[in-house]
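**Student:** sequence first, then the predicted structure:
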Amino acid sequence: MQLGNQVEWVLHCCSILASMPAESHVSTKDLAEFHGVPKEYLSKALQSLAQAGLVASTLGPSGGYRLNRPPKDISFLDIVEAVEGRRSTFQCTEIRRNNPCRKKDQRDKGVCAIAGVMHKADEAWRKELRAMNLEMLGKRVAADVDPALLEKGVRWFSSP
């Protein structure tokens, strides 16, 4: 499984939004320029976050995006599912039924053993993403990144 680039982009954007004052909005243009990603594709991903209720958007010269909930209430899973959808990462198509050695009317007992393992792995992945929220990410970033660089980033978004 490979997630689309937009997941990485919006996780970084949400990290930025979580670091901004609650009443401020950040434009798609600024987020795209800051991260060096295409504005049109980023805009689509941010709209997915807005449709999911994770961010709020406003139009106009001082418009843009802001978080719609406190950072502690937005998990990585919320963000991933807003962009990629809620479907399982594994789709069993029951190819075991194509086995030419089995009887045509044979009934299977329970879930395919392979599908069972894959669904369990998918749930473990989702559990990890559910356990990480934007507030926790902010603490990790603050511990890993030079405070002067973080402050410079906030000023970059705040300047006209």
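**Tutor:** Cool, the structure landed. Numbering: from 1, shown residues only.
**Student:** show me where this structure has its helices.
**Tutor:** Using DSSP state H, the helices assigned to the chain run over residues 5-19, 28-35, 39-51, 76-84, 113-131, 134-144, 147-158.
**Student:** quick check: mean pLDDT across the first one?
**Tutor:** Yep, that's helix 5-19 we're talking about. Mean pLDDT, helix 5-19: 95.
**Student:** try the fifth one
**Tutor:** Along helix 113-131, the predicted local confidence has a mean pLDDT of 95.
**Student:** what residues does it touch?
**Tutor:** When contacts are taken as Cβ atoms under 8 Å, 6 or more residues apart in numbering, the neighbours of helix 113-131 outside the stretch itself are 75, 76, 77, 80, 88, 89, 90, 92, 110, 111. Every residue, glycine included, has its C-beta placed from N, CA and C.
**Student:** for residue 103, grab phi and psi.
**Tutor:** The phi/psi pair for residue 103 (degrees, to the nearest 10) reads phi -70, psi 150.
**Student:** and stretch 32-40, what's its mean pLDDT?
**Tutor:** Regarding stretch 32-40, the rounded mean pLDDT is 96.
**Student:** show me which residues of that stretch are buried.
**Tutor:** Residues of stretch 32-40 classed as buried under the neighbour-count rule (16 or more other Cβ atoms under 10 Å) are 32, 37.
**Student:** before we move on, what about stretch 151-160?
**Tutor:** Of the residues in stretch 151-160, those buried by neighbour count under the rule 16+ other Cβ under 10 Å are 153, 157.
**Student:** tell me the average confidence for that stretch?
**Tutor:** For stretch 151-160, the mean pLDDT works out to 85.
**Student:** show me how far it is from its chain's centre.
**Tutor:** Once both centres are worked out by Cα atoms, centre = their mean, to the nearest Å, stretch 151-160 turns out to sit 24 Å from its chain's centre.
**Student:** and the closest residue to residue 76 other than its chain neighbours, how close does it get to residue 41?
**Tutor:** Excluding the flanking residues, the one nearest residue 76 by Cβ to Cβ, 6 or more residues apart in numbering is residue 129, at 4.2 Å. When distance is defined by Cβ to Cβ, to the nearest Å, residue 129 is 22 Å away from residue 41.
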